[in-house]
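Asker: My questions are about this predicted structure, shown below with the sequence.
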Amino acid sequence: MNLSSEELCSVVKGRFLQRADQSSFAGVSIDSRESDLKQKIFFAIQGTRFDGHDFLQPALKAGVGALVVHKKSSVDISSVSVIQVDDTLKALHRLASYWRSKNRFSVIGITGSSGKTTTKSFCLKLLEDTFSVIGSPKSFNNMYGVPLTLLSAKEDTEILVQEIGMNQKGEIKFLCQLAQPDIVTVTQIGDSHVGMLGSREGIAQEKKEIYLNAPEAVHVFNLDNFYTKKMYKDLTTHERPEKVICFSSQDEKADVFLELKEVKKNSLSIEGHLQGVKGFVSVPVVGAVHLSNLMAAAGLALAAGLKESRIWERLSLCHLPAGRNQWLNLSSGAQALFDAYNASPESVMALLEYFLSPVIKGKKILILGDFLELGSYLKSFQKKVASKLSMSDISLIWFIGSQADSFAQALKEADCSAEFYFSEQFDSGIAKKIRSRLDPSASLAFKASRKMQMEKVLEYFEPVETFTWSAD
């Protein structure tokens, strides 16, 4: 970052406790455990579990270039600039806003109940060969992740693809005002966060803020979802048609119209048109649900200026980030479908729709974990899952987590004939029984919220490939 110590102090509205002249920094960090902190600006953020002020010494030892604090410390800070501010998180936001306004890169903002990270990944793949583009790492989509992503942009960055998430009311509005996106979309509205907002209508109202707070941006709309289609009808005017792009698998008049021609175990065959330019492509992604994410990414790419023919060429290169509908070979000869990055209701039902379909042959084993953030909706959702399983050819179900008892009850009420096991924690005895039944004809599917750390359960079944979470 081409930024002097004096400029940094002015932007974050702080005062020097210790001054060391410096004309540039290597970036920004809020985590003293990062592998490379050399010459970075370290913001000592006080969170709910950790206080960055407790880790100033490790940060200094790692070679940071400056410290931004809001507490005094007994640590020897004589080697670098130390700037005291009123609130380090607000200071981080001030610096991110400054960096965003100082540089000329465009921002693509993506929100929605599900599909944000996958749409981002697809969008990056479409754009990366034409533009200098970066994306928010992992799911950096909150009060910490968005400013850090903005601050990771370099002076030659042309496009930044940013997820915008929500953990509380008003967050999307704030993050949108911070990121100042030039192109925005809501992937879809479902039941994720229903425990916090009470209804899909409440969720839709919050997600709609991305359009309301980017009035001059290009608005990309999903016409296949009831709530996002309503946003299109409510917000679109005839005054700026060039600022609206729509996608649909049902309405051929949409700017992006794609249809599924065939769903295979490891790919989707798709045809349709992109603003009238027809095409056909096979995309190596698992599950029909990702057609919507591919259309969203294509719409965003069109808004960014990518030619229709180029998008058709690049669609075949799109792939899912690790941990999302990922097939892995096991030492037993069986295969595992690992999809445990999150467990929104939409993603759970999409996985079941695919895994229980005739596309997957042989013995089917399902390993589930807790579905989080559903509040009072949890029991009705468990009943929905149980009903789906009771009408399937699933052979065995194992549920791990605190919701095991209520899910067991839901399966019994649905008269599910599959063999099932339940445990509040990982049970090696149950895992051993399941592993003893594996052969090359068997398929396992793993699904749970990320906090359940299902990758540790996966390890017991000995995947041949090394599994690591994607940085996307």
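Answerer: That came through fine.
Asker: Assumed residue 259 was part of a helix.
Answerer: No. Counting by DSSP: H, G, I helix; E, B strand; the rest coil, residue 259 falls outside a helix, being strand.
Asker: Of all residues in this structure, which one is nearest the centre?
Answerer: Centroid-nearest residue in the chain: residue 117, 3.1 Å away (criterion: C-alpha atoms, centre = their mean).
Asker: Could you verify my assumption that that one touches residue 323?
Answerer: No. Applying C-beta atoms under 8 Å, one finds residue 117 not in contact with residue 323, separated by 9.6 Å. Backbone N, C-alpha and C define where each C-beta goes, glycine included.
Asker: before we move on, the earlier item: what's the helix or strand for the residue nearest to the centre of the chain?
Answerer: helix 116-127 (DSSP states H and E).
Asker: Any idea how far that helix is from the middle of the chain?
Answerer: Computed by C-alpha atoms, centre = their mean, to the nearest Å, the chain-centroid distance of helix 116-127 equals 10 Å.
Asker: Also stretch 58-76?
Answerer: When distances are taken as C-alpha atoms, centre = their mean, stretch 58-76 is centred 31 Å away from the chain's centroid.
Asker: With just CA atoms, put it into PDB.
Answerer: Taking C-alpha atoms only, stretch 58-76 is exported to PDB below (Å, rounded to 0.1, in the frame of the first residue of the first chain):
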ATOM      1  CA  PRO A  58       3.600 -11.600  18.500                       C
ATOM      2  CA  ALA A  59       2.600  -9.100  15.800                       C
ATOM      3  CA  LEU A  60       5.700  -7.000  16.500                       C
ATOM      4  CA  LYS A  61       7.900 -10.100  16.600                       C
ATOM      5  CA  ALA A  62       6.500 -11.000  13.100                       C
ATOM      6  CA  GLY A  63       7.700  -7.700  11.800                       C
ATOM      7  CA  VAL A  64       4.500  -5.500  11.400                       C
ATOM      8  CA  GLY A  65       5.100  -2.000  10.100                       C
ATOM      9  CA  ALA A  66       2.600  -0.200  12.300                       C
ATOM     10  CA  LEU A  67       0.100  -0.800  15.100                       C
ATOM     11  CA  VAL A  68      -3.400   0.800  15.300                       C
ATOM     12  CA  VAL A  69      -4.800   0.500  18.900                       C
ATOM     13  CA  HIS A  70      -7.400   2.000  21.100                       C
ATOM     14  CA  LYS A  71      -5.800   0.900  24.400                       C
ATOM     15  CA  LYS A  72      -2.500   1.700  25.900                       C
ATOM     16  CA  SER A  73      -0.100  -1.300  26.400                       C
ATOM     17  CA  SER A  74       2.900  -2.200  28.400                       C
ATOM     18  CA  VAL A  75       4.500  -3.800  25.400                       C
ATOM     19  CA  ASP A  76       7.700  -2.200  24.100                       C
END
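Asker: Other residues contacting stretch 31-49?
Answerer: For stretch 31-49, the external contacting residues (C-beta atoms under 8 Å, 6 or more residues apart in numbering) are 1, 8, 25-30, 51-53, 55-56, 58-59, 62-71, 88-89, 91-92, 95, 144.
Asker: Just the buried subset of those residues, please.
Answerer: 1, 8, 25, 27-30, 52-53, 55-56, 59, 62, 64-70, 88-89, 91-92, 95, 144 (16 or more other C-beta atoms under 10 Å).
Asker: Out of those residues, list just those in helices.
Answerer: When DSSP state H is applied, the buried ones among the contacts of stretch 31-49 are split such that 8, 56, 59, 88, 89, 91, 92, 95 fall in helices.
Asker: As TSV, those with pLDDT and distance to residue 307 would be great.
Answerer: Output for those, formatted as TSV (pLDDT from 0 to 100; distance: C-beta to C-beta, whole Å):
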residue	pLDDT	distance to residue 307
8	96	40
56	92	50
59	93	46
88	97	44
89	97	41
91	98	42
92	98	37
95	98	36
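Asker: tell me how far the following helix or strand past the helix holding residue 117 is from the chain's mean position?
Answerer: The first helix or strand that comes after helix 116-127 along the chain, using DSSP H and E, is strand 133-135. Here strand 133-135 is found 14 Å from its chain centre; the criterion is C-alpha atoms, centre = their mean.
Asker: Run through who's touching strand 133-135.
Answerer: With contact meaning C-beta under 8 Å, 6+ apart, strand 133-135 is reached by 120-121, 123-124, 127, 149, 152-153, 157-162, 472.
Asker: Need the buried ones from those selected in ChimeraX.
Answerer: The following ChimeraX command selects only the buried members of these, with burial defined by 16+ other C-beta under 10 Å:
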select :120,121,123,124,127,149,152,153,157,158,159,160,161,162,472
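Asker: Tell me the one of the contacts of strand 133-135 nearest residue 227?
Answerer: Minimum distance to residue 227 across these is 20.5 Å, recorded for residue 120 (C-beta to C-beta).
Asker: Please report the distance of the closest one from residue 140.
Answerer: Distance of residue 120 to residue 140, given as C-beta to C-beta, to the nearest Å: 10 Å.
Asker: repeat for residue 171
Answerer: 14 Å.
Asker: Identify the contacts common to these two.
Answerer: Counting by C-beta under 8 Å, 6+ apart, residue 171 and residue 140 have no common neighbour.
Asker: Any stretches of the stretch 351-472 of the chain with poor pLDDT?
Answerer: 469-472 (pLDDT under 70).
Asker: can you give me the helices for it?
Answerer: Along the stretch 351-472 of the chain, counting by DSSP state H, counting those that start in this stretch, helices occupy 378-390, 404-413, 428-436, 454-460.
Asker: now the longest one and helix 404-413, what's the angle there?
Answerer: Looking back up the chat, that one is helix 378-390. 50 degrees (axes from the mean of the first three to the mean of the last three C-alpha atoms, to 10 degrees).
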